[in-house]
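1. Output the structure for:
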Amino acid sequence: MVSNSEFEQPGPVFEPRSGESWRDPFPMYKALRDQDPVHRFENSKGEFWALSRFKDVFSAAVDARTFSSAQGLTIAYGEMEELGLESPIVMMDPPDHTALRKLAVKHFTPKAVRELEPKLRAFVVERIERLREMGDGGDIVVELFKPLPSLVVGHFLGVPESDRALFDRWTDGIVAANAGGDITSAGSVLAEMVGYFGRHIETVRKDPGDDVISTLVHARPDGQELSPAWILGFAFTMVTGGNDTTTGLLSGAAELLTRHPDQRRQIGEDPECISKAIEEFLRMTSPVQGLARTTTCDVTIEGKTIPKDRKVMLLYGSANLDEREFGEDAGQCDINRKVRRHVALSYGPHHCIGAATVRLQARIALEELTTRCPDFAVDAAKGEFAGGNYVRRYLSLPFHPTGSR
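-> Modelled structure (predicted):
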């Protein structure tokens, strides 16, 4: 163990962000990477640690044995008890996590996801045309970037379109509770969501569809039914993790393309480059800026020892801008960059199960935007960031279909 005197040295301090403070967390990240990559911090709830360099974040993400998800993903001890949910998939470790993921993954393969393309493209085109009609009075987050992932999540969960607006309310309530540091304040929202999917489980038990919930309800691994609590936990993960993260990617990408009109034009003129561009946008935006793990033993990194049973923030947003991994220009957007790997969708056992859906939504939205509005711009200075300590996304973003005015 290192001595307490080392912790008393002046240096960078990790401060959780929310709302407007998300606008520029990047100087803090750089200071942590350069000066204190294994950072200890405290608040009223205890002692925590933060990893900010790519190699350390990557190593922790793939090592579920040492950095466990089972105690929750926020910097709050006792999170699982406060949530009142039994092991959502993102809060499981192998082998349970692997077994449940294997049952659901067939719905999220690139081939299965591609079947959604006509439906999603029609939706995106309709929303962009609506924005064009609005002129300079539209908001691209409200009209497109927020409802698009809600449509996708609802599809996978087998929820009728008439009920999909509920997703946003549930997500907003849970995110707001996390931002305020008291997840129990989302109790009524959680109860409503659990009740809804509890009824949905009973419906598909009698009349299954092609959705993920139907698959899980009728699965019989080792001859046994899945626990309803596991299925509810999967729905919780889809609702809270599948909505605002995609919104963060798309709104961040629109901001980057406004700042780099040459790259915006390149996408419009050469659609073949869009796959590389999406990886760069994922790296640069890192919608999930960080999530926590809990150490299962003492672990030494960069000469510092993190004790057992401590929450450790994996700062994906910092790791993806690490010059040690991506070069001296890591902080600059370059859609021609060859990104070998990044942690925007995590890595290892908890690599985002919906990664193919995220990329599909981004490809369709950016293709149609750069084709139909080749000179579009967003007004980031007037944009508003959403609350929450973990996902960086715009809540609103004024849109100009023919460029800034």
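
2. When you work out contacts or count neighbours from here on, use the C-alpha atoms and nothing else.
-> Fine.

3. where's Asn389, which helix or strand?
-> Using DSSP states H and E, Asn389 falls within no helix or strand.

4. And it, how close does it get to Thr295?
-> 21 Å (Cα to Cα, to the nearest Å).

5. These two: which is more packed in?
-> Shown here are Asn389 and Thr295; by other Cα atoms under 10 Å, Asn389 has more neighbours (25 against 22).

6. now what about stretch 102-119, what contacts it?
-> 156, 211-212, 215-216, 219, 353-357, 360, 364 (Cα atoms under 8 Å, 6 or more residues apart in numbering).

7. Sitting in helices, which of those residues do you find?
-> Phe156, Val212, Thr215, Leu216, Ala355, Ala356, Thr357, Leu360, Ile364 (DSSP state H).

8. Adding neighbour count, pLDDT and distance to Asp168, write the residues you listed out as TSV.
-> Output for the ones in helices among the contacts of stretch 102-119, formatted as TSV (neighbours: other Cα atoms under 10 Å; pLDDT from 0 to 100; distance: Cα to Cα, whole Å):
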residue	neighbour count	pLDDT	distance to Asp168
Phe156	18	91	16
Val212	22	92	19
Thr215	20	93	24
Leu216	22	92	23
Ala355	18	91	20
Ala356	17	93	21
Thr357	24	95	18
Leu360	21	96	21
Ile364	18	97	22
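
9. can you give me the helices in the stretch 101-250 of the chain?
-> Assigned by DSSP state H, counting those that start in this stretch, the helices in the stretch 101-250 of the chain fall at 110-114, 117-134, 140, 147-157, 165-179, 187-206, 212-218, 228-242, 244-259.

10. Let me have the ones you listed in CSV, extended by distance to Glu272.
-> Listed next are those as CSV, based on distance: least, Cα to Cα, whole Å:
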stretch, distance to Glu272
helix 110-114, 17
helix 117-134, 17
helix 140, 24
helix 147-157, 23
helix 165-179, 33
helix 187-206, 40
helix 212-218, 32
helix 228-242, 26
helix 244-259, 17
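
11. Of these, which shows the lowest average pLDDT?
-> When those are compared on mean pLDDT, helix 165-179 scores lowest, with a mean of 72.

12. Next, give phi and psi for His400.
-> His400 adopts backbone torsions of phi -120, psi 110, taken as degrees, to the nearest 10.

13. Let me see the contact set for it.
-> Under the criterion of Cα under 8 Å, 6+ apart, the neighbours of His400 are Gly135, Asp136, Gly137, Gly138, Phe376, Ala377, Val378, Asp379.

14. if we go to 7 Å?
-> Neighbour list for His400: Gly135, Asp136, Phe376, Ala377, Val378 [criterion: Cα atoms under 7 Å, 6 or more residues apart in numbering].

15. That one bridge partners, please.
-> Beta bridges link His400 to Ala377, judged by DSSP bridges.

16. can you count the residues close to the residue nearest to Val189 when sequence neighbours are not counted?
-> Closest residue to Val189 apart from its sequence neighbours, by Cα to Cα, 6 or more residues apart in numbering: Trp170 at 5.8 Å. Using other Cα under 10 Å, Trp170 has 21 other residues around it.

17. Also Asp210?
-> Residues near Asp210, counting by other Cα under 10 Å, number 13.

18. same deal with Lys382?
-> With neighbours defined by other Cα under 10 Å, the count for Lys382 comes to 10.

19. In contact with it, which residues are there?
-> Leu397, Pro398.

20. now Leu166
-> Counted by Cα under 7 Å, 6+ apart, Leu166 has zero contacts.

21. does Val124 really touch Glu367, like I thought?
-> No - applying Cα atoms under 7 Å as the test, Val124 and Glu367 come out as separate, 10.0 Å apart.

22. Between the two, which is the more surrounded one?
-> Neighbour count, other Cα under 10 Å: between Val124 and Glu367, Val124 has more, with 24 against 20.

23. Can you tell me how far the more buried one is from Leu369?
-> According to Cα to Cα, Val124 and Leu369 sit 9 Å apart.

24. His342 now?
-> Relative to Leu369, His342 is positioned 25 Å away (Cα to Cα).

25. What is the burial count for Glu272?
-> Glu272 has 11 neighbours, counted by other Cα under 10 Å.

26. what's the distance between it and Ile128?
-> Separation of Glu272 from Ile128 (Cα to Cα): 22 Å.

27. Could you pull up phi and psi at the nearest residue to Pro401 once chain neighbours are set aside?
-> Leaving aside its sequence neighbours, Pro401 sits nearest to Phe376 (Cα to Cα, 6+ apart; 4.4 Å). In terms of degrees, to the nearest 10, the main-chain angles of Phe376 are phi -60, psi 160.

28. Hmm, Gly403 and Phe376 touching each other?
-> Yes - between Phe376 and Gly403 there is a contact at 4.5 Å, judged by Cα under 7 Å.
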